[in-house]
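> Take a look and give me a structure for this.
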Amino acid sequence: MKTKHLQSRAAAILCEVILEGYSLDDALGHALKKNTAQRGLLQELCYGTLRHYDRLIYILDRLLQKPLKKEDRDIEILLLLGLYQLQELHMPEAVSVAETVNAVHKTWAKGLVNAVLRNFLRAKASLTAEDNMPESALYSHPQWMLELWQKAFPQHWQTICKANNERPPMALRINLARIEKEAYCALLTENNIAFHDEPSIPSAVILDKAMSVESLPGFNEGLVSVQDCGAQILISLLDLKPELNILDACSAPGGKLLHILESADPSVKVTAVEIDPNRVLKIKDNLQRLQYKNRVKLITADILNTKAWSEGECYDRIIADVPCSATGVIRRHPDIKLLRQEEDIDEFAATQYEILETLWLALKTEGILIYITCSICPQENEELIKQFLIYNPDAQCLPIVAEHGLTLEYGCQFLPGLYAGDGFYYAKLQKLA
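Predicted coordinates:
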């Protein structure tokens, strides 16, 4: 496939994200169903342009004599793609310019695109000089995010931004019920797969280079799964014992559910609830791959509709991995920078609080509820737990001391860039008599 066709496809995907509000996962999924040719480069163009969007827009604004009209945003997106290739991918300059121009469907715009990209090459040093860049361009994040993290994490916000703009690591979760960590590492070595250990997490190793899951030794046999290090922390907080009754609320994509099944005694009873039927199918596929299908009661339902999943029983352990802003996983989903708005945070927090109140009623006395988000916004995390404790005197927040986490008054915050994993928040709540 010619690069110009690839650029046209990448531009169409980015138009769905930037102009229509689709997630990058959905937009890419639609495109790859039709054609998987040059999949890797197509993903690189889309992910990279969104990852560096704020800086690219700043540069483009300085190159344009006047803003493009609303109906010409597709031309703007092609220009961003061209700038990304010239600035970050270091592809042959003449080829990048020519192929971007060839991808333009509006005849009048071909000259504009050619002139803008060639002007960038002539003035690249001054256009990319960081001395006078606004913060949003310098760190490639919306200003409201920067201000939020500067206030919440004054010592770490720059590290967070740097990590968000890098390609994410590929972490594996070894099924320790079926193979020891050392033995699986030996399999990786035998297959010439470079990796490094994450000693603070017993089940985790990190690949030096991402690869297809089908190429992982023992993947189809259930010896290993792909899961971020931050998500694997859950098991250390659950105090698993035989014959517990566990509820995994908001279960998709199912990684934590599978980790529980790998770690728990077979006598443990597990119920998983997920609202999205398509994501339930993915959970079922993974349960089948690991041969754990018969150990879980899997229910498709809204967790706030207790009648749809509860039969009046209470649970010893509840995992509340709640819907959130996902600001802790921006390096995996750079479209969050564009799609998420500041006002969304309070809306997420309101839903999270409602879920927490609902699940609290289903927790046994002395039982433990683990509250989890992949957010690094305090409104969804420590501030929410603090509020919950005020209105629920039968709740206490147990301390979490983790090697790589920030121990807070209520819960523990893991930040991208400070350890191998993504941004996660954990709170361990126990119900008092």
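
> Can you pull the domain assignment for this protein?
3-133, 170-226, 230-431 (automatic domain parsing).

> ok now the second one, how far from the chain's centre?
Relative to the chain's own centre, domain 170-226 is displaced by 20 Å; criterion: CA atoms, centre = their mean, to the nearest Å.

> before we move on, the earlier item: do you know which of the domains of the chain lies nearest Thr159?
Among the domains of the chain, domain 230-431 comes nearest to Thr159, with 4.0 Å by CB to CB. The way it works is simple: take the backbone N, C-alpha and C, and place the C-beta from them, glycine included.

> gap between the closest one and the chain center?
In terms of CA atoms, centre = their mean, the centre of domain 230-431 is set 15 Å apart from its chain centre.

> Any stretches of the stretch 251-400 of the chain with poor pLDDT?
Within the stretch 251-400 of the chain, not a single segment meets pLDDT under 70.

> now the strands for it?
Counting by DSSP state E, counting those that start in this stretch, the stretch 251-400 of the chain has strands at residues 269-274, 296-300, 315-321, 363-373, 395-398.

> of all the ones you listed, which lies closest to Arg167?
strand 363-373 (23.0 Å).

> Hmm, Tyr426 is touching Ile400, no?
Yes - between Tyr426 and Ile400 there is a contact at 5.8 Å, judged by CB atoms under 8 Å.

> Need the overlap of contacts for these two.
Common contacts of Tyr426 and Ile400, defined by CB atoms under 8 Å, 6 or more residues apart in numbering, comprise Leu237, Gly411, Cys412.

> Which of these has the largest number of neighbours?
Gly411 (26 neighbours; other CB atoms under 10 Å).

> The nearest residue to it once chain neighbours are set aside pairs with what?
Among residues not flanking Gly411 along the chain, Ala427 sits closest, at 3.5 Å (CB to CB, 6 or more residues apart in numbering). On the basis of DSSP bridges, Ala427 is bridged to Tyr371.

> can you tell me which residues contact Ala427?
Counting by CB under 8 Å, 6+ apart, Ala427 has contacts Ile370, Tyr371, Asn381, Glu382, Ile385, Cys397, Ile400, Tyr410, Gly411, Cys412.

> hmm, 7 Å instead?
Going by CB atoms under 7 Å, 6 or more residues apart in numbering, Ala427 touches Tyr371, Ile385, Cys397, Tyr410, Gly411.

> Thought Ile385 was touching Leu408, still the case?
No - judged on CB atoms under 7 Å, Leu408 makes no contact with Ile385 at a distance of 8.9 Å.

> Which one's more surrounded, the two?
Ile385 (24 against 18).

> so that one makes contact with Glu409?
No - if you go by CB under 7 Å, Ile385 and Glu409 don't touch, sitting 9.3 Å apart.

> Geometric centre of the chain: which residue is closest?
By CA atoms, centre = their mean, the chain has its centre lying nearest to Val329, at 3.3 Å.

> what does the lengthiest helix in the chain rub up against?
The longest helix of the chain (DSSP state H) is helix 342-360. For helix 342-360, contacts defined as CB under 7 Å, 6+ apart pick out 144, 249, 303-304, 306, 318, 320, 322-325, 369, 371, 377, 379-380, 384, 388, 392.

> Quick one: buried ones out of the residues you listed?
For the contacts of helix 342-360, a neighbour count by 16 or more other CB atoms under 10 Å gives the buried set as 249, 303, 306, 318, 320, 322-325, 369, 371, 377, 379-380, 384, 388.

> ok, which pair from these is furthest apart?
Longest span within those, CB to CB: Thr306 and Cys377, 27.3 Å.

> sorry, back to before: next, the buried residues of the longest helix of the chain.
Using 16+ other CB under 10 Å as the test for burial, helix 342-360 gives Ile345, Phe348, Ala349, Gln352, Tyr353, Ile355, Leu356, Thr358, Leu359, Trp360.

> now these in a markdown table, with distance to Tyr419?
Converted to a markdown table, the buried residues of helix 342-360 look like this (distance: CB to CB, whole Å):
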| residue | distance to Tyr419 |
| --- | --- |
| Ile345 | 24 |
| Phe348 | 24 |
| Ala349 | 25 |
| Gln352 | 24 |
| Tyr353 | 28 |
| Ile355 | 27 |
| Leu356 | 26 |
| Thr358 | 32 |
| Leu359 | 28 |
| Trp360 | 30 |
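
> picking that back up, which of the buried ones among the contacts of helix 342-360 lies at the shortest distance from Arg167?
Ser325 (21.5 Å).

> Pull the contacting residues for the closest residue to that closest one other than its chain neighbours.
Excluding the flanking residues, the one nearest Ser325 by CB to CB, 6+ apart is Ser375, at 4.9 Å. Neighbour list for Ser375: Cys324, Ser325, Ala326, Thr327, Gly328, Asn381, Tyr425 [criterion: CB under 7 Å, 6+ apart].

> Mind doing that once more with 10 Å?
Counting by CB atoms under 10 Å, 6 or more residues apart in numbering, Ser375 touches 322-329, 345, 348-349, 352, 381, 384, 413, 423-425.

> How about Cys161?
Residues near Cys161 by CB under 10 Å, 6+ apart: Glu135, Leu138, Tyr139, Ser140, His141, Met145, Leu146, Trp149, Ile330, Pro416, Gly417.

> Now with 7 Å, please.
Each residue near Cys161 by CB under 7 Å, 6+ apart is listed here: Tyr139, His141.

> Remind me which helix or strand it belongs to.
helix 157-164 (DSSP states H and E).

> Can you give me the buried ones in that helix?
Within helix 157-164, the residues that qualify as buried are Trp157, Gln158, Ile160, Cys161, Ala163, Asn164, counting by 16+ other CB under 10 Å.

> Now flag whichever of those is closest to Val224.
Taking CB to CB as the measure, Val224 lies nearest Ala163 of the buried residues of helix 157-164, at 24.5 Å.

> picking up where we left off before, just the pLDDT at the residue nearest to Gly411, thanks.
Ala427 carries a pLDDT value of 98.
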